[in-house]
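Asks: just to be clear, the model below is a prediction. Sequence and coordinates:
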Amino acid sequence: MNRVLRALISIAATISVVTTVGCGGNSGTTTTTKTGCSAGPTSSASVSCPVRTPVAGVSLAGKVLAQQQPLDAASVQLYAAGIGGNGSAPTALSTAATTGLDGSFTIPGGYTCPSAQTPIYLLSKGGKPGNSGSSPSLWLMTAIGTCGSIGAGSTFIVDEVTTVAAVWALAPFLSSGGNVGSTCTNVQGLDNAFATANSLANAATGTSPGAGNPSTAAVPTTKLNTLANALASCSGSSGGAACTTLLNAAVTGNAAPTNTIDAALNIAHSPAANVAAIYALAAASPVFPPALSTAPPDWMLANTITGGGMSTPTTVSVAATGDVWVASYFNAVSEFSPAGVPAFPAGITGYGINESYGMALDAQGDVWIANQQTTSNQGSGNVTELSATGQELASGLTGGGINFPTAVAAAPNGDMWFVDYGDAKVTLLNGSGAPLSSSAGWGGTSLALPVAVAVDSSNNAWVANQSGLLPITKISLDGSQVTNYDCNCNGASGVAIDQSNNVWVANYYGNSISEVNSCGTLALNAATGGGVNRPQGIAVDGAGTVWVSNFLGDSLSQLSGASSAAPGTFLSPAAGFGTDAALGHPYSVAVDTSGNLWVANSAANSLTEFIGVAAPVKTPLIGPPQAP
């Protein structure tokens, strides 16, 4: 899809204070000192965990398989995920069972789950595959689901396929030693991650895809099986060459992992490392068909979602439940469950929805849609508001200077900021849709081809201007102060704000990423590399890591965040991540509470869900990202 540019319409400037700040800095340099700048929101309030009501657990049974053969003498434990933070220690729910010669095990009932919503999983350690010796490094796991959803006498398979599904889906919540846990305030994100694991693999059969996977979601079974084949190299090897090769190929830091779960977790966290060596192990152990016939560009796993009325999708936003909302340029808004099931098979149409580039959710989950051009308002566009269930709350909103609105962002105080491409202004509406900006909009003459907006913790709007003359503009929450910052940008098309109010900019024409701190000082000067190719969407995850969707590169780029040891360092390979994920002109990217990245593919009428690659973010996104 070609980027739509319309002639800038000149109108009388509103009264504002305009300051142009020269940032200085040398090309390609990174500045990490931010003395005197706002560090972003802080809070000393304690977190109140939801009350949990214990429930009785039911009996379970199953088999542990390695290379599709029974695993004898393995130790199998049933765990409830922890709530002491991501990767926190789980709770053992019963005495460990030992598998028999046929790989079977039984977990008797009578244990107590912390709550019906608490997710539970099986962890197997060691064992003897077939007639071979013991395999102490062979650790396997299966993500079962919430305790209250399991029927008595249910049976499960624990094998390499279920292990890959669990590790990749739970990567943001998994730490070494097979510990799975989340914060007590993000049980929903963890539950959704367990559901993703069950969409990747069928826990009852040990095969991919999962049972009941919707027809609208295509699972990467071939790539998942290839990873399972790589893990299978440890079966029966008793610490032999193949298993040692796998563990060494999964090294991150100074020490090699000592078991297959930790090895898999390292691969999931560093998907571009040692790809050829890992693939060679998989090719030598083709236990699970179908598998890849050549090495992939990376080891990310991605689901592809279609349907739901998407028609040239643009902006993607995530609700508190994990549901994903998508705006389309051609007159539709779509909603999908975390599993990719469309809530409205043909999407939501009508209510003035038309040429929608911009969309955002407010704190109540209501959906605000920027309709760039409509038959009303002299064809200059308007705003539609839908409820969290897709019902019309307001339509045809034009107050506050709405003029070809092309982007929208929610502020922490409940207001909604809109970028007006038509007259190079911004509009501010309150949570009820009433205008707070003047009828001519705000911004004076300080904006030029504005296309994107993000909101900091003080409710100020930061606007990306595609014109190279005025690339970044900050507008105060009352519109009285308008400040331009030279970020050495070229075609600023996406903007995101991190936890410390640093502003990250995707430079479409410059094929680069810039960062300006909250004082307006240039911190990252148009950095190139990492697969950046016409960057369009940009998002910051819960750890401050920056993710970029490359419109022409059909890939993702990743940069280390401002609080890292080397801010602004590209972590993605030269071609970017996900070049095998069937992206099609990816327009936007968003992070959910499970650590998945959701990308809207404008040329493919699809969504791509990159599974477990990011740090979870509280949703909906209101101002800077927060950990859930």
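Replies: Yep, that arrived. Numbering: from 1, shown residues only.
Asks: enumerate every residue touching G544.
Replies: Going by CB atoms under 8 Å, 6 or more residues apart in numbering, G544 touches D498, Q499, S500, G561, A562, S563, S564. The way it works is simple: take the backbone N, C-alpha and C, and place the C-beta from them, glycine included.
Asks: select only the buried ones of those residues in ChimeraX?
Replies: If you want just the buried ones from those in ChimeraX, going by 16 or more other CB atoms under 10 Å, the selection is:
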select :498,499,500,561,562
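Asks: can you add pLDDT and give the contacts of G544 back as CSV?
Replies: Formatted as CSV, the entries for these read as follows, by pLDDT from 0 to 100:
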residue, pLDDT
D498, 98
Q499, 97
S500, 96
G561, 96
A562, 94
S563, 92
S564, 94
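Asks: touching, S588 and L607? I think so.
Replies: No - the pair S588 and L607 does not pass the contact test of CB atoms under 8 Å, sitting 10.3 Å apart.
Asks: next, show the common contact partners of the two.
Replies: With contacts taken as CB under 8 Å, 6+ apart, S588 and L607 have V316, V599, A600 as neighbours in common.
Asks: which one among the contacts of G544 gets closest to Q67?
Replies: S564 (39.6 Å; CB to CB).
Asks: which residues touch the closest one?
Replies: Remark: with contacts taken as CB under 8 Å, 6+ apart, S564 is in contact with G544, T545.
Asks: same check on the one 10 residues further on?
Replies: If a contact means CB under 8 Å, 6+ apart, then A574 has G529, G530, G531 as its contacts.
Asks: if I've got this straight, the second one is in a strand?
Replies: No - counting by DSSP: H, G, I helix; E, B strand; the rest coil, one finds G530 to be coil, located in no strand.
Asks: residues touching it, list them.
Replies: For G530, the residues meeting the contact criterion (CB under 8 Å, 6+ apart) are S557, Q558, L559, F570, L571, S572, P573, A574, G576.
Asks: the nearest residue to it once chain neighbours are set aside and Q378: what is the separation?
Replies: On the basis of CB to CB, 6 or more residues apart in numbering, the spatially nearest residue to G530 that is not a chain neighbour turns out to be F570, at 3.0 Å. With the distance defined as CB to CB, to the nearest Å, F570 ends up 45 Å from Q378.
Asks: picking up where we left off before, wait, isn't the residue nearest to G530 in contact with S557?
Replies: Yes - A contact is recorded between F570 and S557 when judged using CB under 8 Å, the distance being 6.7 Å.
Asks: overlap of the contact sets of those two?
Replies: In terms of CB under 8 Å, 6+ apart, F570 and S557 are both contacted by the residues G530, G531, V532.
Asks: same list (the contacts of G530) but as CSV, adding secondary structure and distance to P412.
Replies: Written out in CSV, the entries for these read as follows (DSSP: H, G, I helix; E, B strand; the rest coil; distance: CB to CB, whole Å):
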residue, secondary structure, distance to P412
S557, strand, 28
Q558, strand, 26
L559, strand, 25
F570, strand, 30
L571, coil, 29
S572, coil, 30
P573, coil, 36
A574, coil, 38
G576, coil, 32
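Asks: okay, and the beta partners of the residue nearest to G530?
Replies: Taking DSSP bridges, one obtains L559 as the residues bridged to F570.
Asks: can you get me a residue count around it?
Replies: When neighbours are counted by other CB atoms under 10 Å, F570 registers 20.
Asks: dump the residue contacts of it.
Replies: By CB under 8 Å, 6+ apart, F570 lies in contact with A527, G529, G530, G531, V532, S557, Q558, L559.
Asks: for the stretch 501-628 of the chain, which segments count as strands?
Replies: All strands of the stretch 501-628 of the chain, identified by DSSP state E, counting those that start in this stretch, fall at 503-507, 512-516, 522-527, 535-540, 546-550, 555-559, 586-591, 597-601, 606-610.
Asks: can you tell me the element V453 falls in?
Replies: strand 450-455 (DSSP states H and E).
Asks: packing partners of the helix or strand following that strand?
Replies: Counting by DSSP H and E, the next helix or strand C-terminal to strand 450-455 is strand 461-465. For strand 461-465, the helices and strands in contact under the criterion 3 or more CB pairs under 8 Å, 6 or more residues apart in numbering; DSSP states H and E are strand 425-429, strand 450-455, strand 472-475, strand 492-497, strand 503-507.
Asks: hmm, back to that, give me the sheet partners of the strand holding V453 and which way each runs.
Replies: When pairs are called by DSSP bridges, strand 450-455 turns out to pair with strand 461-465 (antiparallel).
Asks: quick one: work out the angle between the partner strand and strand 503-507.
Replies: Interaxial angle, strand 461-465 versus strand 503-507 (axes from the mean of the first three to the mean of the last three CA atoms, to 10 degrees): 20 degrees.
Asks: now strand 461-465 against strand 492-497, angle please.
Replies: For strand 461-465 against strand 492-497, the angle between stretch directions is 160 degrees (the same axes, to 10 degrees).
Asks: any low-confidence regions in the chain?
Replies: Within the chain, the stretches falling below the threshold (pLDDT under 70) are 1-47, 131, 236-240, 254, 468-470.
Asks: ok, 90 please
Replies: Within the chain, the ranges that satisfy pLDDT under 90 run 1-52, 128-135, 212, 234-243, 251-256, 285, 373-379, 467-471, 486-487, 518-520.
Asks: can you give the domain ranges for it?
Replies: Per automatic domain parsing, the domain ranges recorded for the chain read 17-30+303-610, 58-299.
Asks: farthest-separated two in the contacts of G530?
Replies: Taking every pair in the contacts of G530 and measuring CB to CB, the maximum separation is 14.0 Å, between L559 and A574.
Asks: thinking again about what came up before, just the buried subset of the contacts of G530, please.
Replies: Buried members of the contacts of G530, scored by 16+ other CB under 10 Å, are S557, Q558, L559, F570, L571, S572, P573, G576.
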